[in-house]
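Participant: Predicted structure and sequence below. I'll ask about it afterward.
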Amino acid sequence: MFAVSLTEDAQLRPLEPWQAEEFLAHIDRAREYVDPWIPWATRSTDPDSARAVLQRYADGQAADSMRIYGIWLDGVLVGGTMFVSFHTDTGNCEIGCWLEPAAEGRGLITRAARLMIDWAFRERGMHRVQWVNAAHNVRSANVARRLGMSLDGVMRSAFPYRGQRHDNQVWSVLADEWPPKPA
């Protein structure tokens with residue numbers, strides 16, 4: 001298994017079905033905070049359902065269509081990143097993330113997402129990397145900005161959550177724009 005250092009005390013590693021109990025414990029700590037943004041957080045309520053979420057990503061990785069990675073801080077799973085979709089035929093992919101409050105403010109998501117974007121462009125030949133967030137999720141939009149992404153637009157009333165529909169922002173960066181020039 002590989003691990004990539006994000007900081008001296010944080011690592012990015014694959015998140016796999018055999019880690020379902022650790023994943024569930026993390027989601028239980030973070031549920032209230034990540035549930036509005038990550039639909040599978042609602043469905044991960046016991047070891048079997050947590051394993052099913054991770055198995056879906058494992059199957060997606062085997063099909064080269066999605067992947068999921070965990071972020072460990074001081075050996076504790078505190079969040080992660082994912083390729084929500086990965087389409088080598090069109091050269092388009094979407095990345096996403098989540099993080100529990102205890103790990104915020106350290107730049108872990110931005111570092112991990114940069115690694116993913118760099119890999120998608122340099123190793124896999126992707127043309128476009130997309131980021132979608134609920135329009136009222138300011139923290140997520142700020143990550144997209146830090147990654148040098150452009151706001152493509154807003155999909156109005158695109159995301160149903162607990163009986164209400166929310167707007168989604170769509171951000172992207174293209175291969176010929178990567179890496180972004182320092183501000």
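Facilitator: Noted; the coordinates are in hand. Numbering: from 1, shown residues only.

Participant: Check which residues of the helix or strand hosting residue 20 are buried.
Facilitator: Assessed by DSSP states H and E, residue 20 sits inside helix 20-34. Neighbour counts using 16 or more other C-beta atoms under 10 Å place 20, 23, 24, 26, 27, 29, 30, 31, 33, 34 of helix 20-34 among the buried residues. Any C-beta I mention is one placed from the backbone N, CA and C, and that applies to glycine too.

Participant: what does stretch 55-65 give?
Facilitator: 57, 58, 60, 61, 65.

Participant: Pull up the per-residue confidence for the last one.
Facilitator: Reading off the per-residue confidence, residue 65 sits at a pLDDT of 97.

Participant: Might you list the low-confidence residue ranges for the chain?
Facilitator: 1, 183 (pLDDT under 70).

Participant: Do a quick rundown of the strands in this structure.
Facilitator: 4-7, 10-14, 67-73, 76-87, 92-99, 128-134, 150-161, 164-174 (DSSP state E).

Participant: And the buried residues of stretch 55-65, which is closest to residue 164?
Facilitator: Comparing these against residue 164 with C-beta to C-beta places residue 57 closest, at 27.4 Å.

Participant: Just list whatever residues bridge to the closest residue to that closest one other than its chain neighbours.
Facilitator: Nearest residue to residue 57, sequence neighbours excluded (C-beta to C-beta, 6 or more residues apart in numbering): residue 68, at 3.9 Å. Using DSSP bridges, the beta-bridge partners of residue 68 come out as residue 82.

Participant: just checking, residue 36 touches residue 159?
Facilitator: No - the pair residue 36 / residue 159 is not scored as a contact, 9.6 Å apart, by C-beta atoms under 8 Å.

Participant: Fine by me, thanks again.
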